[in-house]
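Undergrad: Fold the following, please.
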Amino acid sequence: MNSGFALFLAFGIGVVAGLRSMTAPAIVAWAAHLGWINLSGSHLAFVGSAGAVGIFTLGALVEFVADQLPTTPARTTAVPLAARIVMGSLTGACLGTAGGVSLWLGALIGAIGAIAGAFGGYQARVGLIRALHAPDFAIAVPEDLIAIGLGLFLVSRF
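TA: Predicted structure coming up:
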């Protein structure tokens with residue numbers, strides 16, 4: 001795989017992490033577990049384990065529900081943003097490694113993608129809610145579906 005394309009995929013999965021912090025690792029874990037991406041022999045092989053698949057999938061499901069709660073902080077505040085950067089780094093490193101790029105470069109590009117996804121997603125969601133005079137869930141649910149679809153598209157490129 002072309003290293004530039006691998007870094008593009010790492011950035012993209014970082015964007016997914018910026019939209020939904022646990023969706024990106026759940027998708028990457030499933031992709032590794034099913035053999036869509038090869039992490040065997042790397043420091044990231046654990047991501048494809050049954051335990052990691054279960055934990056990340058459960059985390060994604062909980063996040064889909066928690067995102068709808070009025071007490072959930074904005075994704076751009078410190079703790080949610082930090083979680084997105086960490087998950088963007090992890091998933092970017094996974095796709096970078098699977099694409100033959102340095103783990104650290106993939107992690108960096110994934111983190112940058114997570115920051116872009118978090119701030120871009122926040123601005124898009126707030127802007128759509130205001131422009132359409134729609135309730136939050138009417139924008140949040142399609143955003144969930146976009147994150148899932150984009151993540152699946154990215155891991156299917158290997």
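
Undergrad: May I see the buried residues of the longest helix seen in the chain?
TA: Secondary structure of the chain read by DSSP state H shows that its longest helix is helix 103-132. By 16 or more other Cβ atoms under 10 Å, the buried positions in helix 103-132 come out as 103, 105-115, 117-118, 121-122, 125, 129. No exception for glycine: its C-beta is placed from N, CA and C like everyone else's.

Undergrad: for it, packing partners?
TA: Where contact means 3 or more Cβ pairs under 8 Å, 6 or more residues apart in numbering; DSSP states H and E, helix 103-132 is packed against helix 3-19, helix 78-98, helix 136-155.

Undergrad: mind checking how far the residue of the chain most remote from its centre is from residue 139?
TA: For the chain, the residue at maximal distance from the C-alpha centroid (Cα atoms, centre = their mean) is residue 133, at 27.7 Å. Residue 133 sits 11 Å away from residue 139, going by Cβ to Cβ, to the nearest Å.

Undergrad: again, but for residue 36
TA: From residue 36 across to residue 139, the span is 30 Å (Cβ to Cβ).

Undergrad: isn't residue 27 right next to residue 151, touching?
TA: Yes: the pair residue 27 / residue 151 is scored as a contact, 3.8 Å apart, by Cβ atoms under 8 Å.

Undergrad: hey, what's in contact with both of the two?
TA: 13, 16 (Cβ atoms under 8 Å, 6 or more residues apart in numbering).

Undergrad: Now do the same for residue 69: its pLDDT.
TA: What the model reports as pLDDT for residue 69 is 88.

Undergrad: whoops, residue 1 was the one
TA: Here the pLDDT value assigned to residue 1 is 85.

Undergrad: got the contact list for it?
TA: 99, 100, 158.

Undergrad: let's see 10 Å
TA: If you count contacts by Cβ atoms under 10 Å, 6 or more residues apart in numbering, residue 1 has them with 9, 95, 98, 99, 100, 101, 157, 158.

Undergrad: Also residue 79?
TA: Residues in contact with residue 79, defined by Cβ under 10 Å, 6+ apart, are residue 73.

Undergrad: try residue 2
TA: Contacts of residue 2 (Cβ under 10 Å, 6+ apart): 8, 99, 100, 101.

Undergrad: Neighbours of the third one, how many?
TA: Under the neighbour criterion other Cβ atoms under 10 Å, residue 100 is assigned a count of 12.
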